[in-house]
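**Student:** Sequence and predicted structure, then a few things I'm wondering about:
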Amino acid sequence: MSVSGHGLRALAAAALTASLLTGCSGGDAPVEGPTATMLAPGRPGEPNATVTAGPTAQPAPTEADVAFMRMMIVHHGQAVVMSDLAPTRASDARVKSLASRIRAAQTGEITLMRDWLRRNKKLPASGHDHHSMPGMITPDELESLESSSSTAFDRLYLTLMIRHHEGALEMADTLLANGTDTTTIQLAKDVVATQRAEINRMRDLL
């Protein structure tokens, strides 16, 4: 099938732009790099066209994006503290396994969020009333969890973590309604999918 000179120029420009973007490192900061040129065939009797492609700037993250990352670091941090208690206090192997997965997943996401804030020059992750965030457990509840063991720990851990996860879902839904950054939106979607499944698992265990 033949393609017109105009179509060839458009395809060439699209291909060059895609190749430049693919070759750049990931992240949400503006993509930096030199411009590049290539020739696109002209129409019969017309000279070739010169196509120029250059760096593409990503929009700056919104306050909703930044607030989500800052708050979720603290929120995840509390889940890690809670889960760190399970190996020595839980009696059910399934609770220990679940706590281990929660700890590993949320520790990895904390690293991702800190890296994102650092790249966007939005550190430190502070300035929020942490205990007012959805799902956060109180100091007294954490103390009760720390002092419990065996099946009492299992039940209290699951009960508190379900509430904690439900708070994370609320925060993720808020971000999905107001955020614009591709990384924060994808993280929020991951939080919704993962923690919703874990809530169902914890309810089954209870």
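**Tutor:** Sure thing, it's come through.

**Student:** all strands in the chain, in order from the N-terminus.
**Tutor:** Taking DSSP state E, the strands of the chain run over residues 36-40, 49-53.

**Student:** Pull the contacting residues for the closest residue to residue 178 other than its chain neighbours.
**Tutor:** Distances taken as C-beta to C-beta, 6 or more residues apart in numbering put residue 64 closest to residue 178, at 3.9 Å, once the chain neighbours are dropped. Yep, even glycine has a C-beta here, placed from its N, CA and C like the rest. Contact analysis of residue 64 by C-beta atoms under 8 Å, 6 or more residues apart in numbering lists 174-175, 178-180.

**Student:** Quick check: residue 64 vs residue 179, distance?
**Tutor:** 5 Å (C-beta to C-beta, to the nearest Å).

**Student:** and what of residue 133?
**Tutor:** Taken as C-beta to C-beta, the span from residue 133 to residue 179 is 17 Å.

**Student:** Please give me every residue in contact with residue 133.
**Tutor:** Here residue 133 is in contact with 71, 74-75, 167, 171 (criterion: C-beta under 8 Å, 6+ apart).

**Student:** Local confidence estimate at it?
**Tutor:** Looking at residue 133, its pLDDT stands at 92.

**Student:** Residue 94 against residue 205, yeah?
**Tutor:** Yes. Using C-beta atoms under 8 Å, residue 94 is in contact with residue 205, at 6.0 Å.

**Student:** Can you list the low-confidence ranges for this protein?
**Tutor:** 1-58, 124-131 (pLDDT under 70).

**Student:** how does it look with 90?
**Tutor:** 1-60, 121-132 (pLDDT under 90).

**Student:** Where do the domain boundaries of it fall?
**Tutor:** Using automatic domain parsing, the domain ranges for the chain come out as 5-53, 63-205.

**Student:** hey, which of these is tucked in deepest?
**Tutor:** domain 63-205 (a mean of 17; mean count of other C-beta atoms under 10 Å).

**Student:** For this structure, just list every one of the helices.
**Tutor:** 5-23, 63-84, 86-89, 93-119, 139-147, 150-178, 182-205 (DSSP state H).

**Student:** What are the contacting residues of the fifth one?
**Tutor:** Translated: helix 139-147. Helix 139-147 is contacted from outside by 78, 81-82, 85, 137, 153, 156-157, 160, using C-beta under 8 Å, 6+ apart.

**Student:** Would you convert those into CSV that also reports distance to residue 102?
**Tutor:** Below are the contacts of helix 139-147 laid out as CSV (distance: C-beta to C-beta, whole Å):
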residue, distance to residue 102
78, 11
81, 11
82, 8
85, 12
137, 14
153, 15
156, 15
157, 10
160, 12
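
**Student:** And the furthest pair within the residues you listed?
**Tutor:** The span of the contacts of helix 139-147, defined through C-beta to C-beta, is set by 78 and 153 at 16.5 Å.

**Student:** how about residue 154, what does it touch?
**Tutor:** 90-92, 95, 205.

**Student:** farthest pair in the residues you listed?
**Tutor:** 91 and 205, at 11.9 Å, using C-beta to C-beta across these.

**Student:** phi, psi of residue 121?
**Tutor:** As for residue 121, its main-chain torsions (degrees, to the nearest 10) stand at phi 60, psi 50.
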